[in-house]
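> could you work out the structure for the sequence below:
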Amino acid sequence: MSEPADLEAGLRAYLLNQGTVTAEVAGRVFAGELPADETAAMPRGAIVLKSSGGVSLTAESENDHDTQRIDLFTFGATPREAATIMRTAALALRRLKRGIYGGVVIHWVNPAGGSVQGREPGTEWPRHFQSFQALHGLTQVQP
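I've put the predicted structure just below:
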């Protein structure tokens, strides 16, 4: 049996291969949450991809594919920097072409709403947030 696919890791791998994205955050793209060693240097440019709820678009299908809602969080030293990083990362996700990223087949990524400006609860770091929906394979594959 194949290993389950990690969509967050696949999208992270994709974003790390986008020069415009990595230039803005110096490679600080993370899956799930900010690592503890990063928090001491915040606020600064960073991206976090986090799975969230949402409706499956493949209900009752026996395909080894599904949709997953992913939340994109972008951070910056200022609200303006967080917004700039959001625009760059969101555009990169919209432009994703079907492929294998980090061992995950990702067919498409679509916005599931607009972005929202705010601050990270508990720290008050400037951040932006936007949800996306992704169609992806459920098992790891080799490129």
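> surely S61 forms part of a strand?
No - counting by DSSP: H, G, I helix; E, B strand; the rest coil, S61 is not found in a strand; it is coil.
> in a helix, L15, correct?
Yes - counting by three-state DSSP, L15 is part of a helix.
> and it, what does it touch?
Counting by CB atoms under 8 Å, 6 or more residues apart in numbering, L15 makes contact with V21, T22, V29, I47, L49, A89, A92, L93. (Glycine included, C-beta is placed from N, CA and C.)
> relative to F75, how far out is the fifth one?
Distance, L49 to F75, using CB to CB, to the nearest Å: 13 Å.
> check the third one too.
When CB to CB is applied, the distance between V29 and F75 equals 11 Å.
> the two: which is more packed in?
The neighbour count for V29 versus F75, taken as other CB atoms under 10 Å, is higher for F75 (26 against 21).
> give the bridge partners for the more buried one, please.
F75 has the following beta-bridge partners by DSSP bridges: A46, R127.
> list the buried residues of the lengthiest helix in the chain.
Taking DSSP state H as the assignment, the helix of the chain that covers the most residues is helix 79-94. By 16 or more other CB atoms under 10 Å, the buried positions in helix 79-94 come out as P79, E81, A82, A83, T84, I85, M86, T88, A89, A90, A92, L93.
> what's the next secondary structure element after it?
Going down the chain from helix 79-94, the next helix or strand is strand 99-101, by DSSP states H and E.
> point to the residue nearest the middle of this structure.
The residue lying closest to the centre of the chain (CA atoms, centre = their mean) is L49, at 3.4 Å.
> ok so it is a strand residue?
Yes - counting by three-state DSSP, L49 is located in a strand.
> model confidence score at it, please.
On pLDDT, L49 comes in at 98.
> what does the one 5 residues further on give?
According to the prediction, G54 has pLDDT 76.
> if you tally nearby residues, what's the number for it?
15.
> ok, now S51?
16.
> what bridges to it?
Listed beta-bridge partners, S51: I70 (assigned using DSSP bridges).
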